[in-house]
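Colleague: Mind looking at a prediction? Sequence and model below.
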Amino acid sequence: MEIKILGTGCSKCKSLEKVTREVVEEQKIDATITKVEDIVEIMSFGIMTTPALVVDGKVLLKGRVPSANEIKQLLTK
């Protein structure tokens, strides 16, 4: 699984990255997590509000920081 956290470095972006990493570790999910801060690359996903969570090329979440439980549900379904 390839996970990308899209965000320019704001506190919400950092929170999403932290929670995502915690869920991946806790659930022992085989995933590569990449933080994308380049605005041009972020916009290539059609994202206008950050943070965003992209899994295997598909935008699953944008514009907010979800709970750890919500991330777990998104990554394990």
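Modeller: Structure received.
Colleague: Kindly confirm my reading that Thr34 is in a strand.
Modeller: Yes. Under DSSP: H, G, I helix; E, B strand; the rest coil, Thr34 sits within a strand.
Colleague: Quick check: beta-bridge partners of it?
Modeller: In this entry, Thr34 is beta-bridged to Lys4, by DSSP bridges.
Colleague: Contact partners for Leu75?
Modeller: Met1, Ile3, Val23, Val24, Gln27, Ile29, Ala31, Val55 (C-beta atoms under 8 Å, 6 or more residues apart in numbering). Where C-beta positions appear, they are placed from N, C-alpha and C, glycine not excepted.
Colleague: same thing but at 6 Å, please
Modeller: By C-beta atoms under 6 Å, 6 or more residues apart in numbering, Leu75 lies in contact with Ile29.
Colleague: mind listing what's buried in the helix or strand containing Val59?
Modeller: Using DSSP states H and E, Val59 falls within strand 58-62. Neighbour counts over strand 58-62 (16 or more other C-beta atoms under 10 Å) mark Leu61, Lys62 as buried.
Colleague: Show the average pLDDT along it.
Modeller: Taken as a whole, strand 58-62 has an average pLDDT of 96.
Colleague: Enumerate the positions of the next helix-or-strand element following it that are buried.
Modeller: Using DSSP H and E, the helix or strand that follows strand 58-62 towards the C-terminus is helix 68-76. With burial defined by 16+ other C-beta under 10 Å, the residues of helix 68-76 counted as buried are Glu70, Ile71, Lys72, Leu74, Leu75.
Colleague: Nearest residue to the second one in space, ignoring adjacent ones along the chain?
Modeller: Which is Ile71. Excluding the flanking residues, the one nearest Ile71 by C-beta to C-beta, 6 or more residues apart in numbering is Val23, at 4.7 Å.
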